[in-house]
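Enquirer: For reference, the sequence and a predicted model appear below.
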Amino acid sequence: MKYVIIGAVAGGASTAARLRRLNEKAEIVIFEKGEFISYANCGLPYYIGDVIKDRNALFVQTASAFNKRFNIDVRTLTEVIGIDTQTKTITARNQTTGKEYTETYDKLVLSPGAEPIRPPLTGIGLEGIFTLRNVSDTDYIKAYVKQASVKKAVVIGGGFIGLEMAENLHALGMDVSVIEMGNQILAPLDFPLAAMVQEHIRSKGVNLMLSSAVEGFEKTNSGLRVMLKGGEALEADVVIMSIGVKPDTKLAVNAGLKLGDARGIWVNEFLQTSNPDIYAVGDAIEFTNPITHQSMNTYLAGPANKQGRICANNIVLGNKQAYHGAINTAIVKVFDLTVATAGTASKHLAKAGIKHLVSTTHSGSHAGYYPGAKQMSIQIAFAPEDGTLLNAQIVGYDGVDKRIDTLSSAIARGSSIYELTEFEHAYAPPFSSAKDPINMAGFVAENILQGRLSVFYWNELDRVNPEDILLDVRTQKEFESGHIDNAVNIPVDEIRARLNELDTSKTIYIYCQAGLRGYLAQRILKQNEFDKVFNLSGGYQLWKACERETELGKKKESGFYA
């Protein structure tokens, strides 16, 4: 049996290694058009920023080591340029010699990955403009930014890689600007949590420009000029294009393989393409989203590696193991913050017509009385009928990773917010609280579902009519340091004694700093004949972050953005 694999990074290398473990006698050939195999894409920005000092640390395996350990014929710098499904052959070109030749296969695996999006902008080919996708890109960028004259960097795109590059270039002492065409960074996040991250980025001195589109580039005497829609321009010494990637489907299309609705390579549940002898894994494929049931792509190393193992199992053992899709669990370091997400964001659920509720909670990363506790903000989305968990987003400092992994597991299993209320965690003061942030998120969601908590959101203040009461239940000192316009202040600890100051016939909208005191005040009022009482989800601090970022957006639109 002869297996041929095209692409030798995450999905392809994982498939090849698993095939060998399952079949010692098979002939396995893996083609990689680049110079390197099985390297850590996710570590590339940190090598550029000198966080990772040793370049060799980026390589999980070298071609020679992979060959020696697994007895796999690894052909780097060799591009597969065609597939003949009738004769079951591929045509390859050695990029060093230019020689072309054919290779037969019994089973073929496609793992061509994705390619960076490079729009046809004026001047995009100028020296100093880079995309970051592989080790060669990294080497070029690292060598370029080491030049003494490189002081100003412009990163185009506010996604995961773009923000990692911004942070690492900033760490090298550069003046960094981030240009994002959308009205927020990190598209998998909803605006409220993205707003918190945006404020943090701005606090580091990074020039974050949202709702800004690049029109082209010019060469200047001192470097580059990045021209923006509307006439504005930025000077730069280096530009990093990070506006996204798209599935590399050229080989698949030319071979007559089916593409799906998301324009990735179509595969069935066994990762088999429309040709029964060809399988596909990684960034190039699409599959059904387990939550929205719509076609989707994912560009994450974790799913690609797992697909490789499943693919190999199905090739050798027969189509027995189904791939159940991915919920796009992801995490990123943004300066001091950790940002994580799993499932489908509220805005995307709404677009897909999926009814849901949203709740935001703020908790300490561990017990408040133990030194070093940091705030963690968790937003979850869940089904209004049964509390099925659909999405989780976290912004914090410590312990974000273990919470998102727990929430991701619940989402993937189709579990509900009720599981979160009983989630049993390892507790000691340095690591958590007796009620973990996950428990707190579950408690609040349960209160919403069971009607004990009625919420309104940061962007729903227009619900508050002049005859309604906007009630701030924080302390007087907190109120005086900043509050929402037209609010009246009755601290929660005084509310029982001051019920006579409120009218039971009016609708009352409550807020506190984070949400808990507002809930306590709501419970007091609801049990004292106040029927129409709502609490601001996420509290004043979330509203304030969203309001500040919204105001910056308005200034940008009116031409007064600084």
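Expert: Here it is on my side, so go on. Residues are numbered from 1 along each chain as shown.

Enquirer: how about Val74, secondary structure?
Expert: Following DSSP: H, G, I helix; E, B strand; the rest coil, Val74 is assigned to strand.

Enquirer: Excluding residues flanking it in the chain, which one is nearest it?
Expert: Nearest residue to Val74 in three dimensions, chain neighbours excluded: Ala63, at 4.3 Å (Cβ to Cβ, 6 or more residues apart in numbering). Where C-beta positions appear, they are placed from N, C-alpha and C, glycine not excepted.

Enquirer: which residues of the stretch 451-562 of the chain fall in strands?
Expert: For the stretch 451-562 of the chain, the strands defined by DSSP state E, counting those that start in this stretch cover 455-456, 469-472, 488-489, 508-511, 533-536.

Enquirer: which of those is buried the deepest?
Expert: Highest mean neighbour count of the strands of the stretch 451-562 of the chain: strand 508-511, a mean of 26 (counted as mean count of other Cβ atoms under 10 Å).

Enquirer: how far is that one from where the chain is centred?
Expert: How far strand 508-511 lies from its chain's middle: 33 Å, per Cα atoms, centre = their mean, to the nearest Å.

Enquirer: Sheet partners, orientation included, of it?
Expert: strand 469-472 (parallel), strand 533-536 (parallel) (DSSP bridges).

Enquirer: dump the residue contacts of the closest residue in space to Ser416 that isn't next to it in sequence.
Expert: Of all residues not flanking Ser416 in the chain, Gly387 sits nearest, at 4.0 Å (Cβ to Cβ, 6+ apart). By Cβ atoms under 8 Å, 6 or more residues apart in numbering, the residues touching Gly387 are 416-418, 445-446, 449.

Enquirer: partners of Val488 in the sheet?
Expert: Assessed by DSSP bridges, Val488 has beta-bridge partners Leu471.

Enquirer: quick one: low-confidence parts of this protein?
Expert: When residues are selected by pLDDT under 70, those of the chain lie in 555-562.

Enquirer: any idea which residue of it is furthest from its center?
Expert: Computed with Cα atoms, centre = their mean, the residue of the chain farthest from its C-alpha average is Asn500, at 48.6 Å.

Enquirer: still on that earlier bit, reformat the strands of the stretch 451-562 of the chain as JSON lines; add distance to Phe431.
Expert: As requested, the strands of the stretch 451-562 of the chain are exported to JSON lines (distance: least, Cβ to Cβ, whole Å):
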{"stretch": "strand 455-456", "distance to Phe431": "30"}
{"stretch": "strand 469-472", "distance to Phe431": "34"}
{"stretch": "strand 488-489", "distance to Phe431": "37"}
{"stretch": "strand 508-511", "distance to Phe431": "31"}
{"stretch": "strand 533-536", "distance to Phe431": "30"}
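
Enquirer: Help me confirm that Gly482 comes into contact with Lys544.
Expert: Yes. Counting by Cβ atoms under 8 Å, Gly482 touches Lys544, with 7.3 Å between them.

Enquirer: Those two: which has the busier surroundings?
Expert: Ranked by neighbour count (other Cβ atoms under 10 Å), Gly482 and Lys544 place Lys544 first, with 18 against 9.

Enquirer: Looks like that one contacts Ser481 (just checking).
Expert: No. If you go by Cβ under 8 Å, Lys544 and Ser481 don't touch, sitting 11.0 Å apart.

Enquirer: Do a quick rundown of the strands in the stretch 1-150 of the chain.
Expert: Using DSSP E, counting those that start in this stretch, the strands of the stretch 1-150 of the chain run over 2-6, 27-31, 73-75, 78-84, 89-94, 100-104, 107-110, 114-116, 129-131.

Enquirer: Please identify the buried residues of the fifth one?
Expert: In this case it means strand 89-94. Within strand 89-94, the residues scored as buried using 16 or more other Cβ atoms under 10 Å are 89-90, 92-93.

Enquirer: From Asp277, how far out is Asp316?
Expert: Let me fix one detail, which is that residue 316 is Val and not Asp. Val316 is 14 Å from Asp277, where distance means Cβ to Cβ, to the nearest Å.

Enquirer: So these two - more neighbours on which side?
Expert: Neighbour comparison, Val316 and Asp277: the larger count goes to Val316, with 16 against 13 (by other Cβ under 10 Å).

Enquirer: And the helices in the stretch 401-550 of the chain?
Expert: Secondary structure of the stretch 401-550 of the chain (DSSP state H, counting those that start in this stretch): helices at 417-422, 437-449, 476-481, 516-526, 539-558.

Enquirer: what do you get for the stretch 201-350 of the chain?
Expert: Under the criterion DSSP H, counting those that start in this stretch, the stretch 201-350 of the chain contains helices at 250-254, 301-317, 346-351.

Enquirer: what residues does the last one touch?
Expert: Outside of helix 346-351, the residues that reach it under the criterion Cβ under 8 Å, 6+ apart are 190-191, 291-292, 356, 358, 379, 381, 390-391.

Enquirer: Name the residues of it that are buried.
Expert: 346-349.

Enquirer: likewise the longest one?
Expert: Buried residues in helix 301-317, counted by 16+ other Cβ under 10 Å: 301, 303-316.

Enquirer: now stretch 492-502
Expert: 492, 495, 502.

Enquirer: out of those residues, which one sits closest to Ile48?
Expert: Of all those, Ile48 sits closest to Val492, with 49.4 Å by Cβ to Cβ.

Enquirer: got a list of what the closest one touches?
Expert: By Cβ under 8 Å, 6+ apart, the residues touching Val492 are 473-474, 512, 517-518, 520-521, 524.

Enquirer: Now with 7 Å, please.
Expert: Contact analysis of Val492 by Cβ atoms under 7 Å, 6 or more residues apart in numbering lists 473, 512, 517, 520-521.

Enquirer: now it: how far from Tyr519?
Expert: Val492 sits 9 Å away from Tyr519, taking Cβ to Cβ as the criterion.

Enquirer: what's the answer for Phe530, then?
Expert: 14 Å.

Enquirer: Show me which of those two is the more surrounded one.
Expert: Applying other Cβ under 10 Å to Phe530 and Tyr519 shows that Tyr519 carries more neighbours, namely 23 against 20.

Enquirer: My guess is the more buried one contacts Arg452. True?
Expert: No. Tyr519 is beyond contact range of Arg452, at 8.5 Å (criterion: Cβ atoms under 7 Å).

Enquirer: residues touching the residue lying closest to Ile331 once chain neighbours are set aside, list them.
Expert: Computed as Cβ to Cβ, 6+ apart, the closest residue to Ile331 that is not its neighbour in sequence is Ala340, at 4.1 Å. By Cβ under 7 Å, 6+ apart, Ala340 lies in contact with 330-331, 394, 400-401, 404.

Enquirer: Let's have these in a markdown table, adding distance to Ala441 and neighbour count.
Expert: Supplementary listing: these in a markdown table, determined by distance: Cβ to Cβ, whole Å; neighbours: other Cβ atoms under 10 Å:
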| residue | distance to Ala441 | neighbour count |
| --- | --- | --- |
| Ala330 | 19 | 20 |
| Ile331 | 17 | 16 |
| Ile394 | 9 | 26 |
| Val400 | 13 | 23 |
| Asp401 | 16 | 13 |
| Ile404 | 12 | 25 |
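
Enquirer: Any chance of the residues you listed in TSV with distance to Gly282 as columns?
Expert: As requested, the contacts of Ala340 are exported to TSV (distance: Cβ to Cβ, whole Å):
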residue	distance to Gly282
Ala330	16
Ile331	20
Ile394	27
Val400	26
Asp401	24
Ile404	23
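
Enquirer: out of these, who's nearest Ile28?
Expert: Nearest to Ile28 among the contacts of Ala340: Ala330, at 31.1 Å, using Cβ to Cβ.

Enquirer: The closest residue to that closest one other than its chain neighbours: neighbour count?
Expert: Leaving aside its sequence neighbours, Ala330 sits nearest to Thr341 (Cβ to Cβ, 6+ apart; 5.7 Å). By the criterion of other Cβ under 10 Å, Thr341 has 27 neighbours.
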